[in-house]
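Asker: Just a sequence and a predicted model for now, questions to come.
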Amino acid sequence: MDSFNPTTKTQAALTAALQAASSAGNPEIRPAHLLMALLTQADGIAAPLLEAVGVNPATIRAETERLLQHLPSSSGATSQPQLSRESLAAITAAQQLATEMDDEYVSTEHLLVGLATGDSDVAKLLTGAGASPQALREAFVKVRGSARVTSPDPEASYQALEKYSTDLTARAREGKLDPVIGRDNEIRRVIQVLSRRTKNNPVLIGEPGVGKTAIVEGLAQRIIDGDVPESLRDKTVVSLDLGSMVAGAKYRGEFEERLKAVLDEIKESAGQIITFIDELHTIVGAGATGEGAMDAGNMIKPMLARGELRLVGATTLDEYRKYIEKDAALERRFQQVFVGEPSVEDTVGILRGLKDRYEVHHGVQITDSALVAAATLSDRYITSRFLPDKAIDLVDESASRLRMEIDSRPVEVDEVERLVRRLEIEEMALEKEEDAASKERLEKLRTELADYKEKLAELTTRWQNEKNAIDVVREFKEQLEVLRGEADRAERDGDLAKAAELRYGRIPEVEKKLDAALPQAQAREAVMLKEQVGPDDIADVVSAWTGIPAGRLLEGETAKLLRM
C-alpha cells in the first residue's frame, strides 16, 4: 500500500466509507461500505459503468444496504474502523489493474473492478448481477477510450462531450426541435460549406433573433430525414456549451483539460461529429486565466487547420468584427454565411409553421389573423428587435395570457362570489339584532342570498363545463402531436408496420375524437372563457410592451387621417 496513489474521487470514496462505518459503529470498513460510497458519489462513474453492463444501479444499491444492515456493530466504540481483509484485497486488485493499464493513479473504476474481484459478499453480488470484473473492464475502456489516468481528477474528462454538449440530432429524432421554415437557402449554404475539403467551417452572421440557431436545428432535422449529401449522412450535430466548461473550473489548467477531452472525443469520431458553438465570439478569451494560459480559440485553431474539427459558429456582425476579425489566423479558417432578417410575409409563413406547437403547449387556438397582426405590428412598433423572434414572442405571450385567463376564475363568477360573501357577513350581523326592522331585513337578505348562491352555483358549473371542454380539445391535440412524432420516428427507423398502424389507425381515431370535441368547445351561448387568440390580444401585448394604446394599433389609415 506504500505506492497507493488514489485519484481525488477514490480518496473521497475511502473517506466516505470510513465515515459510514464509524457512524454505524462497524469495527471494520467492509467492501459494502466502499461500494455504497462509489454508488452515492455525485457525478460518480460507478452507476454509469453498471448500466453499461446491463445492471440496474438501484438494485445493487438496495442489496448493498441490506448487506450493511447485517454487519456487526458496537455502540460507544472509540477506535477508528480499519480496512477489512476483503477491502484490502479489493484495493490491492484495483492497484494492480491500474499498473496493468499503465495508469498513474487508482481511479474509482479501478476500485469498482477490484470490488468485483475475489470472494467477498460484494464480489458475489456484483458478479451474480452480471457485473463481472471482465465485463466492467470492457465497459470502462469504452467509457474512457484510449485515455490513460494521468491526473488526480480523470473522471471529469470521461464522456466529456456528453457532459458539455447537447446532441441536436438526438433532439430532432425525438421531435423536440421546432420546425424550421423559410431558411432553405441558408441551410443549403451551410451544407455546401460543410461539404468542402478544407476550411469547412461556416459561421452564421446575423442580428440577434433572426434565426441563426434555428438554421443549425434545421440542419440536424435534415440529417435525421436523410435530406443531405452523402458526405453529411448519419453525422451527429452537437451544440457545445463553453459556459458549463468554464463553470466550476477552480484550478489553472482545468478548463484546458475539459476542452482537450472534448476535442479528443471529436477527433476520435473521425469526422462523424459536427460541432456547433452559439455565440462563437466567446471562444476568444474563454478559459484564459492569465499570462501564458491558452484560450479556447487558440486550442481549436490547429484542429480547424487540419480539418479534424468541423465547426459551425453563430454570432452577430458586431461581435464577429470585434473578436473574430481581430485574430486573422482564426478568422481565415471560417467561411461567412450571412443571415438576414426575414420579411413580414416570410415571418407570417414561419408563424404558421409554428402555430400548432404553441396551440398544443398553451391549449388555446391561434387565429391566422393573429399571426398576421403579430408580424405586422411587431415590425411596425417594436423597432429595437428583429423578426421573426419578436413576432414569435408576441404570439407566445398572447397565448400565455389567454391560458392564464382560462385557468383563473372568470370576472362574472368572482363578482357574484364577493357579493355572496358580503351578504353572508351582513346576515351574521343581523342575526344578533332583536328589533323588528332588523328581522324584516334579515328575511329579505336570506331570500336575496339564496338567489345569489343559486346564481353562483350555476355560473361555476358553466365555467367548469367550458373549461373541461377546452381541456378535452387540448388533450386530444397533445395526443395527436405525440402520435405524429412516433409515426415519423417509425418511418425513419423502417418500422413500416408501426407507422401504418399509427397513420391509418390511431391518428385518424384521435382526429375523429377531436372533430367531435371541437363543436362542443365552441358551441356555447354566453361564452365565459375566450379560447381564441385574435388580433386584439396581439395588440394588447404590443400595448403592454410599448405603451401605445391598443385601440390605435389596429386602426386603419382612414381612421388615423380622420383623427389628425
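Answerer: In hand now; what should we look at? Numbering: from 1, shown residues only.

Asker: before we move on, what SS does Val55 have?
Answerer: Using DSSP: H, G, I helix; E, B strand; the rest coil, the structure places Val55 in coil.

Asker: Low-confidence regions, this structure specifically.
Answerer: Counting by pLDDT under 70, the chain contains low-confidence ranges at 1-3, 75-79, 142-159, 248-253, 285-295, 411, 519-529, 550-564.

Asker: Could you state which residue of it sits nearest its centroid?
Answerer: The chain has Thr166 as the residue nearest its centroid, 8.8 Å off, counting by Cα atoms, centre = their mean.

Asker: Mind listing the residues bridging to the residue lying closest to it once chain neighbours are set aside?
Answerer: Closest residue to Thr166 apart from its sequence neighbours, by Cβ to Cβ, 6 or more residues apart in numbering: Ser239 at 4.6 Å. The way it works is simple: take the backbone N, C-alpha and C, and place the C-beta from them, glycine included. Beta-bridge partners recorded for Ser239 (DSSP bridges): Thr166, Phe276.

Asker: Would you mind confirming that Ser239 is in contact with Glu279?
Answerer: No - between Ser239 and Glu279 there is no contact, the gap being 11.0 Å when judged by Cβ atoms under 8 Å.

Asker: Compare these two and say which is more crowded by neighbours.
Answerer: Taking other Cβ atoms under 10 Å, Ser239 and Glu279 do not tie; Ser239 has more neighbours (20 against 15).

Asker: Regarding Leu311, what is its secondary structure?
Answerer: Judged by three-state DSSP, the three-state class of Leu311 is strand.

Asker: pretty sure it is touching Thr275, no?
Answerer: Yes - assessed by Cβ under 8 Å, Leu311 is found in contact with Thr275 at 5.0 Å.

Asker: picking up where we left off before, roughly how far does the residue nearest to the centre of the chain sit from Thr347?
Answerer: From Thr166 across to Thr347, the span is 27 Å (Cβ to Cβ, to the nearest Å).

Asker: likewise Ala170?
Answerer: Distance of Ala170 to Thr347, given as Cβ to Cβ: 29 Å.

Asker: between the two, who's got more neighbours?
Answerer: More neighbours surround Thr347 than the other of Ala170 and Thr347, with 26 against 14 (other Cβ under 10 Å).

Asker: check contacts around the more buried one.
Answerer: By Cβ atoms under 8 Å, 6 or more residues apart in numbering, the residues touching Thr347 are 375, 379, 387-388, 391.

Asker: Relative to Asp227, which of the residues you listed is nearest.
Answerer: Distance ranking of the contacts of Thr347 against Asp227, using Cβ to Cβ, places Pro388 first at 22.3 Å.

Asker: where do the strands sit along this structure?
Answerer: Using DSSP state E, the strands of the chain run over 28-29, 82-83, 165-167, 202-205, 236-240, 273-278, 310-315, 335-338, 365-366, 532-533.

Asker: Same list (these) but as CSV, adding distance to Glu448.
Answerer: Output for the strands of the chain, formatted as CSV (distance: least, Cβ to Cβ, whole Å):
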stretch, distance to Glu448
strand 28-29, 78
strand 82-83, 83
strand 165-167, 62
strand 202-205, 68
strand 236-240, 64
strand 273-278, 64
strand 310-315, 66
strand 335-338, 71
strand 365-366, 39
strand 532-533, 37
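
Asker: what about those strands, which gets the closest to Gln221?
Answerer: Closest among the strands of the chain, using Cβ to Cβ: strand 236-240, at 9.6 Å.

Asker: how much space between the nearest residue in space to Glu427 that is not next to it in sequence and Arg421?
Answerer: Spatial nearest neighbour of Glu427, chain neighbours left out: Leu445 (5.7 Å); criterion: Cβ to Cβ, 6+ apart. According to Cβ to Cβ, Leu445 stands 13 Å off from Arg421.

Asker: So which of those two has more stuff around it?
Answerer: The residue with more neighbours, out of Leu445 and Arg421, is Leu445; 16 against 10, by other Cβ under 10 Å.

Asker: Please verify my assumption that the residue nearest to Glu427 contacts Ala429.
Answerer: No - using Cβ under 8 Å, Leu445 makes no contact with Ala429, being 10.0 Å away.

Asker: What distance do you get for the residue nearest to Leu496 when sequence neighbours are not counted to Lys498?
Answerer: Closest residue in space to Leu496, ignoring its immediate chain neighbours: Ala490 at 7.6 Å, by Cβ to Cβ, 6+ apart. For Ala490, the distance to Lys498 equals 4 Å [Cβ to Cβ].

Asker: what residue of this protein is the furthest out?
Answerer: Residue farthest from the centre of the chain, counting by Cα atoms, centre = their mean, is Ala436 at 69.5 Å.

Asker: Against Gly494, how distant is it?
Answerer: For Ala436, the distance to Gly494 - Cβ to Cβ - is 89 Å.

Asker: same deal with Leu502?
Answerer: For Leu502, the distance to Gly494 (Cβ to Cβ) stands at 14 Å.

Asker: more crowded one of the two?
Answerer: The residue with more neighbours, out of Leu502 and Gly494, is Leu502; 21 against 8, by other Cβ under 10 Å.

Asker: can I assume the more buried one is in contact with Arg489?
Answerer: No - using Cβ under 8 Å, Leu502 is not in contact with Arg489; the gap is 9.7 Å.

Asker: ok, how many other residues are close to Val228?
Answerer: 18.

Asker: In contact with it, which residues are there?
Answerer: By Cβ under 8 Å, 6+ apart, the contact list for Val228 reads 191, 219, 222, 235.

Asker: can you put the residues you listed in CSV and add distance to Leu204 and neighbour count?
Answerer: Shown next, in CSV, are the contacts of Val228 (distance: Cβ to Cβ, whole Å; neighbours: other Cβ atoms under 10 Å):
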residue, distance to Leu204, neighbour count
Ile191, 13, 18
Leu219, 10, 30
Arg222, 15, 20
Lys235, 18, 18
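
Asker: can I get those in a markdown table with distance to Thr7?
Answerer: As requested, the contacts of Val228 are exported to a markdown table (distance: Cβ to Cβ, whole Å):
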| residue | distance to Thr7 |
| --- | --- |
| Ile191 | 43 |
| Leu219 | 39 |
| Arg222 | 43 |
| Lys235 | 34 |
